[in-house]
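In: I'll drop the sequence and a predicted model, then ask my questions.
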Number of protein chains: 2
Amino acid sequence: MSSILAHERSSGQDAGAGWLELAMVGAGQLARMTHQAAVDLGVRLRVLARSASDPAVAAGAAHLLGAPDDLEALRALARGCDALTFDHEHVPPEAVRALEGDGVAVSPSSSALLYGQDKIHARTNLGRRGFPVPDFAHARTLAEIEAFASEHSWPLIGKAPRGGYDGRGVWNLQDRSGAREVLARADDCLLIEPQLSIDRELAVLTVRSRTGESVTYEPVETIQRHGMCREIIAPAHIEPQLAREARELATSIAHDIDATGVLAVELFVTSRGLLVNELALRPHNSGHYTIEGCATSQFEQHVRAVLALPLGLPTLLAPSVVTVNVVGNAAGEDPRARLREALGVAGASIHLYGKSPRAGRKLGHVTACGQTPGPTRLAAQEAAGLLEGRRP
Amino acid sequence: MSSILAHERSSGQDAGAGWLELAMVGAGQLARMTHQAAVDLGVRLRVLARSASDPAVAAGAAHLLGAPDDLEALRALARGCDALTFDHEHVPPEAVRALEGDGVAVSPSSSALLYGQDKIHARTNLGRRGFPVPDFAHARTLAEIEAFASEHSWPLIGKAPRGGYDGRGVWNLQDRSGAREVLARADDCLLIEPQLSIDRELAVLTVRSRTGESVTYEPVETIQRHGMCREIIAPAHIEPQLAREARELATSIAHDIDATGVLAVELFVTSRGLLVNELALRPHNSGHYTIEGCATSQFEQHVRAVLALPLGLPTLLAPSVVTVNVVGNAAGEDPRARLREALGVAGASIHLYGKSPRAGRKLGHVTACGQTPGPTRLAAQEAAGLLEGRRP
């Protein structure tokens, strides 16, 4: 661990001059965009980074080098901050509890964060609290998977309870032999669920301040490919009654699990109604559209909420807002090399994260705002496609 | 001069990885907001800063410490950049020409920049090119001022041709003895003009790329107090014909003087029609409303234009957008200490520059977007007032 808070060194003479200091574990694109929001508010963000070329550090957030499972690094990061929050969930729960024991204003709390860290914990406890979740089981043995299959029939879905993202840690279990193979590779027990017939996937962002104030955004539709979210369509084209239900569900989950900061609730629309898929207790890919599309971005809301500042309006500013992710192509090309072409697409707002390019990695996103979803979506797709090296 | 590009050091392993590098002379709030726009595009901004606590450095821009009149510092800043531009005009024209001689892509060019650096140069040459400017003279002696007064009658206005801003470098010359006093204090000759009867003041932003492409924003009205711009009302409430004229005037000036980047044209509306007051060849206070209020902010446009990238849409996103500046109060209090109260104003987007507070210094701004100017302006005024320590 480097003990250098690079930024503190350079502007140390102003230390303690009355601004708020926010610590964030992780320095990826969520921390990068949180830094941009913090700059506007005159709040100083410091991040725990793996490397000095991490996206938030490249954007200028003060940083400390260290691993998110190193309690001493976490403690160094937390020193003197007004609140500590997270860019990702890969922090050991016992370390989060230790920080709370030290008196750090950890937000979300260790117990709320667990809902984003452990899928089995989330499913079990949301179910117990009466929220609608898909049928599931946790299985360590082939016999347990087979018992679930006898009730729900093959194929099943197997998920690693911890650490999965963007389609990693999710497997199709076609049959008994497929299940045995996946079980052999899994470190831990598996979350098993039936292959659901899903009409569409929604996400609802709700923000809850440490003061208890909360605001909830309109539901959006998320479009996945190979298990990775590729597009976000705001607002979701659904019945007002369903939209209301989705908002209420997200708001009550936030309240019930005592979430603070942004809570993203991923929902399946099924013939059984809404089912809660996953929770993320941090700014979320499905909320990137809020930067241009809403009166207050999810990043600014997160900063406000974890620092117990009043929340902003979640109002959508245009009839249609679409975000398309920019994903690394097979050749590992850098989308920055195609910036010129992509900026030629009128109405596309480009965000590049400065990450080193790799196939299948989220390297940026493009948002377009418009009057109707069709052309808005096309503009965002065209610019994102150009950044990915595809011809229009 | 420190030769440390703090940022390069921390993420040096990625140097030359295909991104664009933009150098900016100066590290104030304009550079800070330009940095935020550059982060979105994956463009790296490096600034020449007076101090490591300058606003752009505090926001995380790579920096070099040095004075803007030190050619060696400017050369160090320019090394390897794709373009070099300015946060302020206080750079000696001969140093700018020397950089051009070195082959640096200076934008705006030294000859265009001169229109923002020297009021006498601007008035004389805009007049010669047929643009409407107020009557004026340049005077080094009392006799020259008196000759102008005999034509236009007292009182007159005297302006320092270089270096003035926010009301500094502007004097009312009530009579002969007042003129003598000001003349004694002035280092240089004075720009003398009659006290005009002004209906209102407008500003028009036009952006011209190094490729020649240009876009022009809607005219805005600027409200001054004690010579400092305090509010920006977008769009200006004027006849469409006058708005068209103002836009055309700004667009042709940009073309005529071969401006690149943002050009802000300050206009007086008088009984004689539009008169060009001043030019700024950089992002401008009158354009801060574009961050929330327009499809593309002036800061992103400036980055695009000086790097010869395609320009974005200048479309206004709401019927009314108002920006109110946050100015340091007499007690020298830090507006960051009043963030909580100001964030309680619904719909106010707050930007604090992280500058050390001083009476009369611009420390931030607040923008509100709405349906009608009345309540929109009130919201921005209320939040700015709270940040300035006034009770609502």
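Out: Ah, there it is. Quick caveat, the model's predicted, so the values are computed rather than measured.

In: from here on, contacts and neighbour counts on C-alpha atoms
Out: OK.

In: Taking chain A, what residue is nearest to chain B?
Out: Closest approach between chain A and chain B, counting by C-alpha to the nearest C-alpha: residue A:60, at 3.4 Å.

In: Not counting its neighbours along the chain, what's nearest that residue?
Out: residue B:60 (3.4 Å; C-alpha to C-alpha, 6 or more residues apart in numbering or on different chains).

In: Was I right to think the one you found contacts residue A:56?
Out: No: taking contacts as C-alpha atoms under 8 Å, residue B:60 lies outside contact range of residue A:56: 9.7 Å.

In: With neighbour numbers in mind, choose between the two.
Out: residue A:56 (32 against 27; other C-alpha atoms under 10 Å in any protein chain shown).

In: Please identify the buried residues of the helix or strand hosting that one?
Out: If you go by DSSP states H and E, residue A:56 is part of helix A:55-58. By neighbour count with 16 or more other C-alpha atoms under 10 Å in any protein chain shown, helix A:55-58 contains the buried residues A:55-58.

In: Can you identify the element that follows it toward the C-terminus?
Out: Going down the chain from helix A:55-58, the next helix or strand is strand A:62-65, by DSSP H and E.

In: other SSEs contacting that following strand?
Out: Packed against strand A:62-65 by the contact rule (3 or more C-alpha pairs under 8 Å, 6 or more residues apart in numbering or on different chains; DSSP states H and E) you find helix A:6-10, strand A:44-49, helix A:71-78.

In: Among those, pick out the one with the most neighbours on average.
Out: Among those, the stretch with the highest mean neighbour count (mean count of other C-alpha atoms under 10 Å in any protein chain shown) is strand A:44-49, at a mean of 29.

In: Next secondary structure after the one helix or strand residue A:262 maps to?
Out: Secondary structure from DSSP H and E places residue A:262 in strand A:261-270. Tracing the chain past strand A:261-270, the next element assigned as helix or strand by DSSP H and E is strand A:273-280.

In: Extract the C-alpha set from that following strand and format it as CSV.
Out: Provided in CSV are the C-alpha atoms of strand A:273-280 (Å, rounded to 0.1, in the frame of the first residue of the first chain):
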residue,chain,number,x,y,z
GLY,A,273,-45.6,-10.0,-12.0
LEU,A,274,-42.4,-8.2,-10.8
LEU,A,275,-39.6,-10.3,-9.3
VAL,A,276,-36.5,-8.8,-7.7
ASN,A,277,-33.4,-10.1,-9.4
GLU,A,278,-30.4,-8.3,-7.8
LEU,A,279,-29.6,-5.2,-5.8
ALA,A,280,-26.6,-2.9,-6.1
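
In: Show me which residues of the stretch 251-392 of chain A are close to chain B?
Out: A:292, A:295-296, A:309-313, A:334, A:336-337, A:339-340, A:343-344, A:346-347, A:349-354 (C-alpha under 8 Å from any C-alpha of the partner chain).

In: Which members of those are classed as buried?
Out: Among these, those classed as buried by neighbour count (16+ other C-alpha under 10 Å) are A:292, A:295-296, A:309-313, A:334, A:336-337, A:339-340, A:343, A:346-347, A:349-354.

In: Please, where are all the strands along the stretch 101-250 of chain A?
Out: Along the stretch 101-250 of chain A, the stretches classed as strands by DSSP state E, counting those that start in this stretch are A:137-139, A:156-159, A:170-173, A:190-194, A:198-208, A:214-216, A:220-225, A:228-234.

In: okay, those, which one's buried deepest?
Out: Highest mean neighbour count of the strands of the stretch 101-250 of chain A: strand A:198-208, a mean of 25 (counted as mean count of other C-alpha under 10 Å).

In: Identify the residues contacting that one?
Out: Strand A:198-208 is contacted from outside by A:214-223, A:236, A:246-247, A:250-251, A:254-255, A:259-271, A:286-287, A:301-302, A:305, using C-alpha atoms under 8 Å, 6 or more residues apart in numbering or on different chains.

In: Strand partners (parallel or antiparallel) of it?
Out: The strands beside strand A:198-208 in its sheet (DSSP bridges) come out as strand A:214-216 (antiparallel), strand A:220-225 (antiparallel), strand A:261-270 (antiparallel).

In: contacts for the strand holding residue A:262?
Out: When contacts are defined by C-alpha under 8 Å, 6+ apart, strand A:261-270 is touched by residues A:107-108, A:196-210, A:246, A:250, A:254, A:274-284, A:286, A:298, A:301-306.

In: Of all the strands paired with strand A:198-208, which one is nearest residue A:27?
Out: Among the strands paired with strand A:198-208, the nearest to residue A:27 by C-alpha to C-alpha is strand A:261-270 (17.1 Å).

In: Could I get the full set of helices for chain A?
Out: Remark: helices assigned in chain A by DSSP state H are A:6-10, A:29-41, A:55-58, A:71-78, A:93-101, A:110-117, A:119-128, A:142-152, A:176-185, A:240-256, A:290-293, A:298-306, A:339-343, A:373-387.

In: Mind giving me the packing neighbours of the third one?
Out: This points to helix A:55-58. Other helices and strands packing on helix A:55-58, by 3+ C-alpha pairs under 8 Å, 6+ apart, are helix A:29-41, strand A:44-49.

In: Now with 10 Å, please.
Out: If you count contacts as 3 or more C-alpha pairs under 10 Å, 6 or more residues apart in numbering or on different chains; DSSP states H and E, helix A:55-58 packs onto helix A:29-41, strand A:44-49, strand A:62-65, helix B:6-10, helix B:29-41.
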